[in-house]
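Participant: Here is my input, please return the structure:
(chains A and B)
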Amino acid sequence: MSNHPDAAAKTLDTNEFIKGLWKENPVFIQVLGMCPTLAVTNSVINAITMGLATSFVLIMSNLLVSSLRHVIPKQVRIATYILIIASFVTVADYVIQAVSLDVYKSLGAFIALIVVNCIILGRAEAFASKNSVGNSLLDALGMGVGFTFALLCLGGVREIMGNGTFLGYHVLSAHYQPWIIMILPGGGFFTLGAWLLLFNYLRKRKEKISMQ
Amino acid sequence: MNLTQKTLEIRTSPHILSGMSTDTIMRNVVYALLPVAAFAVYAFGLAAALVISVSTISTVLTEHVLCRLTKKESTIGDWSAAITGLLYGLTLPPGLPLWMVFCGGVIAIALGKFMFGGLGYNPFNPALVGRAVMQAAFPVAITTWHPAFTTDRFYNLPDSTLTLPFMAPVFKAVTTATPLAQMKFDHKIADSYDLAMGFVSGSTGETCAVLILLGGAYLAWRKMMNWRIPAAIFLTVIVLSEFFHYLKPEIYPDSLFMLLSGGLMLGAVFMATDMVASPMTSRGVMIYGALIGILVVVIRLWGGLPEGVMYAILIANAASPHIDRLVQPRVYGTGGVKRKT
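Facilitator: Model (predicted):
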């Protein structure tokens, strides 16, 4: 990533996409956006919807912020970013409402709260405002996919353990005893902690191997 | 004092050692708990014996395996894991499926103790952490009670006990309500004599108040337990429940019932007195005990659950470092009354 404005303006760097998936994964590595990560991952469908909605807002706001980066005055840039993000959140809000009212109801206030998701503002401030439109798009795509993947990791474990289902289909025996705690807020913390443990372990092991 | 040790060692309080090692104290706590466990087996039969043994095995095994995994010397010799398992088993209903008992034991040690760095670092009582997770995970199974003193208790198991791992238990046998649930939902008050002697239903080890008090008295006599904690809890519960009983005797039970029913005795004597998770100063433990007493009365009288001792102790555990800070003795020469000039 280049900090100097427009240093690599015309060249597209696929690393900007790859990094969001694993090396700078917004949830597992940067530990950002914990509010939706913990709150709406009690089922797979909620996790996917939240991931896609956030990705949409992320991509659109990154594109717009990047293309307006020479026009936005530095003093009011945060307010401008929030305004841009809020517009796209409104779009996502209405789209989810139109596609599935059930999912919309179960997500509740958390759709509107995408506005204050620090991943989006963070990418706008740290990346899109300094890089070309193409690279910003790649960055947003990578971060969006990484975020959705992380939510799916949590939602999958929580729905299977807490309900015995995946996307509403029974994947375990009909006599399975659900762990109710896994679909309660406490289960979100347990699952996130377990995933962070796994990812940190994998990263440490990789570093150890590469050092030898 | 070892004279060869010349470097200054900086340690946190307490600094004065009583000469008793951890495992001496812990072993005595086990002795104090044994009559309670024996009565549990007598009252609930084979089911209670299995629950208590599986819970103890699960905690000791978890402690040993985790020590091995982290390449530390195994700490099962200090008896603390055995106490956690014993206490945790004594708080469970006798018909709970054994696989749930085992999972809870693993969680109690792994999450309640090892995650924080082992014995001496746990902010909460590990046994209660295990039970709290089980309560949140399986709210139905853990509140299904079996009657005490059934005639076939020594050779027959409830159907639910031997449920296959991760399968839902089926409660076919006769289940019953605890005295607290009867009080809350049917406004029926159990006889105090039955409550004190343990002729009622409930968790395996919480029914016989007399034996628990005897165990506590033994520990207090050997100075292995801070008697101020249970005293403060009992006093607060008595004062508060008598006050509300005086206001509305038809809704709120008297203090004797509040003292003897549910897990209050077991919790106050053996769990709230957890040396790691309770405050250190005498004034601190008084506040701590009063906090537990208030929370127990509030949860029992107005909460959604019939019993609240577990949550009361866990909340007070969380508050105990702050209580310690609140009642910290003034350092000589600082603060105090400002002298007029």
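
Participant: Please count neighbours and contacts with C-alpha atoms only from this point.
Facilitator: Noted.

Participant: Alpha carbons of the helix or strand hosting residue A:58, as PDB, please.
Facilitator: If you go by DSSP states H and E, residue A:58 is part of helix A:44-67. C-alpha atoms of helix A:44-67 as PDB (Å, rounded to 0.1, in the frame of the first residue of the first chain):
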ATOM      1  CA  VAL A  44     -26.100 -18.300   8.700                       C
ATOM      2  CA  ILE A  45     -28.700 -16.300   6.700                       C
ATOM      3  CA  ASN A  46     -28.300 -13.300   9.000                       C
ATOM      4  CA  ALA A  47     -24.500 -13.500   8.700                       C
ATOM      5  CA  ILE A  48     -24.600 -13.700   4.900                       C
ATOM      6  CA  THR A  49     -27.100 -10.800   4.600                       C
ATOM      7  CA  MET A  50     -25.000  -8.600   6.900                       C
ATOM      8  CA  GLY A  51     -21.800  -9.600   5.100                       C
ATOM      9  CA  LEU A  52     -23.300  -8.800   1.600                       C
ATOM     10  CA  ALA A  53     -24.900  -5.500   2.800                       C
ATOM     11  CA  THR A  54     -21.700  -4.400   4.400                       C
ATOM     12  CA  SER A  55     -19.700  -5.400   1.300                       C
ATOM     13  CA  PHE A  56     -22.100  -3.400  -1.000                       C
ATOM     14  CA  VAL A  57     -21.800  -0.300   1.200                       C
ATOM     15  CA  LEU A  58     -18.000  -0.800   1.400                       C
ATOM     16  CA  ILE A  59     -17.500  -1.100  -2.400                       C
ATOM     17  CA  MET A  60     -19.800   1.800  -3.300                       C
ATOM     18  CA  SER A  61     -18.400   4.200  -0.700                       C
ATOM     19  CA  ASN A  62     -14.800   3.300  -1.500                       C
ATOM     20  CA  LEU A  63     -15.500   4.000  -5.200                       C
ATOM     21  CA  LEU A  64     -17.200   7.300  -4.500                       C
ATOM     22  CA  VAL A  65     -14.700   8.400  -1.900                       C
ATOM     23  CA  SER A  66     -11.800   7.500  -4.200                       C
ATOM     24  CA  SER A  67     -13.200   9.300  -7.200                       C
END
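
Participant: Need the contact partners of the next helix-or-strand element following that helix.
Facilitator: In the C-terminal direction, the helix or strand that comes right after helix A:44-67 (DSSP H and E) is helix A:77-99. For helix A:77-99, the external contacting residues (CA atoms under 8 Å, 6 or more residues apart in numbering or on different chains) are A:53, A:56-58, A:60-61, A:64-65, A:72, A:103-104, A:111-112, A:114-115, A:120-121, A:124-125.

Participant: Show the average pLDDT along stretch B:232-248.
Facilitator: Taken as a whole, stretch B:232-248 has a mean pLDDT of 93.

Participant: That one: how far from the chain's middle?
Facilitator: Here stretch B:232-248 shows a centroid-to-chain-centroid distance of 21 Å under the convention CA atoms, centre = their mean, to the nearest Å.

Participant: Contacting chain B as well, which ones from the contacts of helix A:77-99?
Facilitator: Applying CA under 8 Å from any CA of the partner chain, the subset of the contacts of helix A:77-99 adjacent to chain B is empty.

Participant: Apply the buried test to those residues and list what passes.
Facilitator: Neighbour-count burial (16 or more other CA atoms under 10 Å in any protein chain shown) is assigned, among those, to A:53, A:56-58, A:60-61, A:64-65, A:72, A:104, A:111, A:114-115, A:120-121, A:124-125.

Participant: thinking again about what came up before, and the helix holding residue A:58, what other elements does it pack with?
Facilitator: Judged by 3 or more CA pairs under 8 Å, 6 or more residues apart in numbering or on different chains; DSSP states H and E, the packing partners of helix A:44-67 are helix A:77-99, helix A:101-107, helix A:118-123, helix A:133-163.

Participant: could I get these as TSV with mean pLDDT?
Facilitator: Shown next, in TSV, are the helices and strands packed on helix A:44-67 (pLDDT from 0 to 100):
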stretch	mean pLDDT
helix A:77-99	94
helix A:101-107	91
helix A:118-123	91
helix A:133-163	93
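
Participant: Just say which of these is most tucked in.
Facilitator: Mean neighbour count (mean count of other CA atoms under 10 Å in any protein chain shown) peaks for helix A:133-163 among those, with a mean of 25.

Participant: Report the separation between the residue nearest the centre of chain A and chain B.
Facilitator: Chain A has residue A:147 as the residue nearest its centroid, 2.9 Å off, counting by CA atoms, centre = their mean. Distance, residue A:147 to chain B, using CA to the nearest CA, to the nearest Å: 27 Å.

Participant: which residues are in contact with stretch B:207-226?
Facilitator: Residues from elsewhere that reach stretch B:207-226 (CA under 8 Å, 6+ apart): B:25, B:28-29, B:32-33, B:35-36, B:39-40, B:195-201, B:227, B:260-263, B:265-266, B:269-270, B:273, B:275.
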